[in-house]
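A.B. asks: quick one: sequence plus predicted model below, questions after.
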Amino acid sequence: MGTAAGDGDRPSTAAAAAEEHRVNLSARQPFVQALRTGLAETFFPDDPFRGFGSLPPAARAWGALKYFVPALEWVPRYSADKFKYDLLAGVTIASLAIPQGISYAKLAKLPPIIGLYSSFVPPLLYAVFGSSNNLAVGTVAAASLLLASIIEADVTSEENPQLYLQLFYTAAFFTGVFQTALGVFRLGLIVDFLSRSTITGFMGGTAAIIIMQQLKGMLGMKHFTSKTDIISVMRSIFLYRHEWKWESAVLGICFLLLLLSSKHLRKKKPNLFWVSAIAPFMVVVIGGIFAFLVKGNEHGIPIVGDLKKGINPLSISQLTFTGKHVNTAVKAGFLSAILALAEGIAVGRSLALIKNEQIDGNKEMIAFGIMNIAGSFTSCYLTTGPFSKSAVNFHAGCRTPISNVVMSVCIMLVLLFLAPLFKYTPLVALSSIIVVAMIGLIKVKEFCHLYRVDKFDFCICMVAFIGVIFFTMVIGLSASVGLSVVRTLLHVARPSTSKLGSMAGGELFRDVRQYPNARNIPNVLVLQLGSPIYFVNAGYLRERILRWVEDEENASKLDRQDLQYVVLDLGGVTSIDNTGLGMLVEVHKSLERKGIKIALTNPRLEVTEKLVLSGYINDIIGEEWVFLTVKEAITACRYALQRSFLLEYA
């Protein structure tokens, strides 16, 4: 009885197994649902509001508010123990923010006090809206030089310093608007066009140009070119060689040795990172005292000059939205917005990974945008998360964004009580600080690594590097991004296809070029397509498939065999358009004339749906030639060959 029952169960078990191994050709996804899913995956890949649907309205509103204002998330859990670490980190980065703020403002040809203003208001706003616990907000050298190079092409700081400053405020406003819009509409994918290779080359080229420009301060010169290419910079240095001051040069070398020694000490003894962090501030203090005692301004050591006391004055009335200059501000704002986002988000993510934390790129964009808009209203220019200051903040043991608040309070105290004391800061001290900071951005080891690993990435990096050095920052950045896009288009237009061979007794099928021991399958050619099939690459794929078939036919004739079947593994084809469907039809007709039949394996839902609706499966190849795996397809091909052989000789 048990045996009979077992025998009776076999057909049903076999039928269930067969059903389980069939490709589901009836699955459909409504257009609206498909569109919603596609948009969600494009703009909301992290699905930030998942789980909100089951909450009551008040809880959903509070959850959404906490999402847009991250401070509401961590402030209720804040403790005195965390404040000890944040206080130390905040004071440490404040000691770095003072010399860097003054230095980068001078680099942008702005009044030095603007650099201090920019380290007061923006950090307060980032502490509320930012999602990174490690990022320290401030001005950056690359963006300072980029803004100066764009704005000076329209208005120079010598001819019209007031309009020049107003355009910086206006550019900061547009930077904030662009960044906020990118965050709100979740268009952070635009920043992804700046590849790591592009950023490495651009930052390296920018650092090299900035170092060359600091020869003006190191040599105590008064006149200099407004251009950023290396030829103009070198010509300017030797053109005004009569302005060279040996006193500035000697003092600059001393400062460089002090700063480089502190960096070397940090590498040897990481626990003494604070020495390197406060070294720039000590250079400013020592240089200011020295210049005051020897009356350096009268003896070949130019100084910063007067710095007025007081916190940021309002600048909203100075924003310029009319006239021919607004186009310059928009251009400067957009380019600097992308650059600042790329640097700030990259720094935040890299530091978060070390602590096994997560930051939200879209939140960061909104936070950067808000602080730059508010900064443009309060006499600040562009701010983001610079690597040097953020690294110091990280190593100082920061726990939350409160370290930015502590830094802001320290800067406020400096603005209220100590700002005039920095008037004696030698310009050569600021140049030395910038030079040492920029040396770390020329990543020679990264260049060598790219050359070894990926020659095309190395070319992208070098295009940015050379373009910045010999032309302009905009040209270098644009050319590198353009080359990156060309590479992407080449991957789309010329996708990889591979011939699969049998391994492990027919259980595995792998690329024969990667695995030379993979065996050919008699009478069957298995091809793997590994990309979406669009109008861009459909023609190439058709020619490539037919070329594979021709090569296989020639090889089969040598073995006295005929190619009977072509199996297309579609597991890597994520989507297909109408041109791609037409290509498959053309391939089918070409192979049919040769007596070769096509089988498909593992098509995805989106592809299967179009193959069914177009009639390709039902009317052309038949449902019985669509399989779940390559192994099943080959088994069916062999069975069909055996059956035809028996019928032929029966």
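C.D. replies: Received it, and whenever you're ready, just let me know what you need.
A.B. asks: pLDDT weak spots in the chain?
C.D. replies: 1-21, 24-29, 31-54, 188-189, 559-560, 645-650 (pLDDT under 70).
A.B. asks: that one: strands as residue ranges?
C.D. replies: 497-503, 508-511, 524-529, 565-569, 597-601, 626-627 (DSSP state E).
A.B. asks: can you list the strands that the shortest one pairs with?
C.D. replies: Read that as strand 626-627. Taking DSSP bridges as the criterion, strand 626-627 forms sheet pairs with strand 597-601 (parallel).
A.B. asks: for residue 203, what are its contacts?
C.D. replies: Contacts for residue 203 were tallied using C-beta atoms under 8 Å, 6 or more residues apart in numbering; they are 142, 343, 441, 443. Bear in mind the C-beta positions are built from the backbone N, C-alpha and C, glycine included.
A.B. asks: how much space is there between the nearest residue to residue 292 once chain neighbours are set aside and residue 99?
C.D. replies: Closest residue to residue 292 apart from its sequence neighbours, by C-beta to C-beta, 6 or more residues apart in numbering: residue 424 at 4.5 Å. Remark: distance between residue 424 and residue 99 (C-beta to C-beta, to the nearest Å) = 13 Å.
A.B. asks: among those two, which residue is more densely surrounded?
C.D. replies: Remark: of residue 424 and residue 99, residue 99 carries more neighbours, 27 against 21, as counted by other C-beta atoms under 10 Å.
A.B. asks: for the more buried one, give its distance to residue 282.
C.D. replies: With distances taken as C-beta to C-beta, residue 99 is found 9 Å from residue 282.
A.B. asks: can you lay out the strands of the chain as TSV showing distance to residue 643 and mean neighbour count?
C.D. replies: Output for these, formatted as TSV (distance: least, C-beta to C-beta, whole Å; neighbours: other C-beta atoms under 10 Å):
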stretch	distance to residue 643	mean neighbour count
strand 497-503	21	19
strand 508-511	23	18
strand 524-529	15	22
strand 565-569	13	24
strand 597-601	13	21
strand 626-627	17	22
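A.B. asks: quick one: closest of those to residue 547.
C.D. replies: Checking the strands of the chain against residue 547 by C-beta to C-beta gives strand 497-503 as the closest, at 9.6 Å.
A.B. asks: now that closest one against strand 524-529, angle please.
C.D. replies: Interaxial angle, strand 497-503 versus strand 524-529 (axes from the mean of the first three to the mean of the last three C-alpha atoms, to 10 degrees): 130 degrees.
A.B. asks: tell me which other helices or strands strand 497-503 touches.
C.D. replies: When contacts are defined as 3 or more C-beta pairs under 8 Å, 6 or more residues apart in numbering; DSSP states H and E, strand 497-503 packs onto strand 508-511, strand 524-529, helix 538-558.
A.B. asks: save those as JSON lines, and put in distance to residue 77 too.
C.D. replies: Shown next, in JSON lines, are these (distance: least, C-beta to C-beta, whole Å):
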{"stretch": "strand 508-511", "distance to residue 77": "51"}
{"stretch": "strand 524-529", "distance to residue 77": "51"}
{"stretch": "helix 538-558", "distance to residue 77": "55"}
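A.B. asks: break this protein down into its structural domains.
C.D. replies: Per the TED database, the structural domains of the chain span 79-443, 495-649.
A.B. asks: pick the most buried one from the ones you listed.
C.D. replies: Stretch with highest mean neighbour count among the domains of the chain: domain 79-443 (a mean of 21; mean count of other C-beta atoms under 10 Å).
A.B. asks: returning to what we had before: for residue 217, find the nearest of the helices and strands packed on strand 497-503.
C.D. replies: That would be, of the helices and strands packed on strand 497-503 and by C-beta to C-beta, helix 538-558, which comes in at 55.2 Å.
A.B. asks: nearest to residue 434, of the helices and strands packed on strand 497-503?
C.D. replies: When those are compared by C-beta to C-beta, helix 538-558 sits nearest residue 434, at 49.6 Å.
A.B. asks: the inter-axis angle of the closest one versus strand 565-569?
C.D. replies: Between helix 538-558 and strand 565-569, the angle comes out at 140 degrees (the same axes, to 10 degrees).
A.B. asks: picking up where we left off before, got CSV for the strands of the chain, with distance to residue 611 too?
C.D. replies: CSV is the format used below for those (distance: least, C-beta to C-beta, whole Å):
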stretch, distance to residue 611
strand 497-503, 18
strand 508-511, 22
strand 524-529, 13
strand 565-569, 11
strand 597-601, 8
strand 626-627, 8
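A.B. asks: out of these, nearest to residue 396?
C.D. replies: Comparing those against residue 396 with C-beta to C-beta, the closest turns out to be strand 508-511 (49.8 Å).
A.B. asks: residue 304 is in contact with the residue nearest to residue 292, correct?
C.D. replies: Yes - with contact defined as C-beta atoms under 8 Å, residue 424 reaches residue 304; the gap is 7.5 Å.
A.B. asks: which one of the helices and strands packed on strand 497-503 lies nearest to residue 615?
C.D. replies: Ranking the helices and strands packed on strand 497-503 by proximity to residue 615 (C-beta to C-beta) places helix 538-558 first, at 17.9 Å.
A.B. asks: ok, residues contacting the closest one?
C.D. replies: 493-495, 497, 499, 520, 523, 525, 527, 529, 533, 562-563, 566, 568, 577, 579-580, 582-583, 586-587, 590-591, 594, 596.
A.B. asks: if we go to 7 Å?
C.D. replies: The contact list for helix 538-558 (C-beta atoms under 7 Å, 6 or more residues apart in numbering) reads 493-494, 497, 499, 525, 527, 529, 533, 562-563, 566, 579-580, 583, 586-587, 590-591, 596.
A.B. asks: now stretch 176-190
C.D. replies: So stretch 176-190 is contacted by 43-44, 333-334, 337, 341, 361-363, 365-366, 368-370, 372-373, 376 (C-beta under 7 Å, 6+ apart).
A.B. asks: cool, and stretch 625-636?
C.D. replies: Contacts of stretch 625-636 with the rest of the structure, by C-beta under 7 Å, 6+ apart, involve 21, 23, 25, 500, 506-507, 509, 521, 524, 526, 567, 569, 598-603, 617.
A.B. asks: got the end-to-end distance for it?
C.D. replies: Stretch 625-636 has an end-to-end distance of 8 Å (criterion: C-alpha to C-alpha, to the nearest Å).
A.B. asks: now do stretch 569-576
C.D. replies: Counting by C-alpha to C-alpha, you get 14 Å between the two ends of stretch 569-576.
A.B. asks: which residues touch that stretch?
C.D. replies: Here stretch 569-576 has contacts from 500, 526-533, 600-604, 606-607, 610, 630, using C-beta under 7 Å, 6+ apart.
A.B. asks: let's see 8 Å
C.D. replies: 500, 509, 526-534, 600-604, 606-607, 610-611, 630.
A.B. asks: just how off-centre is that stretch within its chain?
C.D. replies: 27 Å (C-alpha atoms, centre = their mean, to the nearest Å).
A.B. asks: and stretch 313-332, by the same measure?
C.D. replies: The mean C-alpha position of stretch 313-332 is separated from the chain mean by 28 Å, C-alpha atoms, centre = their mean.
A.B. asks: give the contact list for residue 66.
C.D. replies: 72, 73.
A.B. asks: what about stretch 65-80, how long is it end to end?
C.D. replies: Note: stretch 65-80 ends 25 Å apart using C-alpha to C-alpha.
A.B. asks: can you name the residues that contact the residue nearest the centre of the chain?
C.D. replies: With distances taken as C-alpha atoms, centre = their mean, residue 192 lies nearest the centre of the chain, 4.5 Å away. Taking C-beta under 8 Å, 6+ apart, we find residue 192 in contact with no residue.
A.B. asks: great, nothing more from me.
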